[in-house]
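Peer 1: Next input, structure requested:
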Amino acid sequence: MAQSWHNMFRMHRIRPTHLTVHIIQAADDMASEITVDFDAATQSLDALNAAAYRLIGIAACQVEASGARYVCRLTPTGQLEADTLRARFLELVTDENVRERLRAKTEPVRNLILSLAFGSLAAQSQDTP
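Peer 2: The predicted structure follows:
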């Protein structure tokens, strides 16, 4: 994109200034935003937020609800390519979805183990004078 700006300066005989460089960089930065959208009926917001949190350090992520969809806007903070960042985000979302499903499936067993553990502790504390 920066090349097209430079061609414009040559075609119209516009002399680039130090402000021109900032405009070109801003245009390049805007082009590096990646948008990924999900159906709100099949994707949980918690998983998207958890995946966005795990991207801290390599990208900024803004999650917005837009009708029946969640729109995630990813902006790389480093020198990460757009395709790599998109793939990494989708991997993290998938991982968070699996974690949610496992948490839901194991919740009854986890609650049983906790109630037995704390129940025996409560019984022990009542037996001790």
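Peer 1: To what extent is the closest residue to A60 other than its chain neighbours buried, counted in neighbours?
Peer 2: Once flanking residues are discounted, A60 sits nearest to T75: 4.6 Å by CB to CB, 6 or more residues apart in numbering. All C-beta atoms are positioned from the backbone trio N, CA, C, and that covers glycine. Neighbours of T75 under the rule other CB atoms under 10 Å: 14.
Peer 1: next one: L55
Peer 2: There are 19 residues near L55, going by other CB under 10 Å.
Peer 1: Likewise for V93?
Peer 2: 21.
Peer 1: Kindly report the same for C72.
Peer 2: Look at C72: counted by other CB under 10 Å, it has 23 neighbours.
Peer 1: Identify all residues paired with it through a beta bridge.
Peer 2: Here C72 sits in beta bridges with V36, V63, going by DSSP bridges.
Peer 1: Model confidence for it, exactly?
Peer 2: Model confidence at C72, given as pLDDT, is 96.
Peer 1: Check the gap between it and V109 for me.
Peer 2: Noted for C72: a distance of 33 Å to V109, by CB to CB, to the nearest Å.
Peer 1: same check, this time on A40
Peer 2: Relative to V109, A40 is positioned 30 Å away (CB to CB).
Peer 1: Have a look at those two and say which one is more surrounded.
Peer 2: Comparing A40 with V109 by other CB under 10 Å, the one with more neighbours is A40, at 15 against 9.
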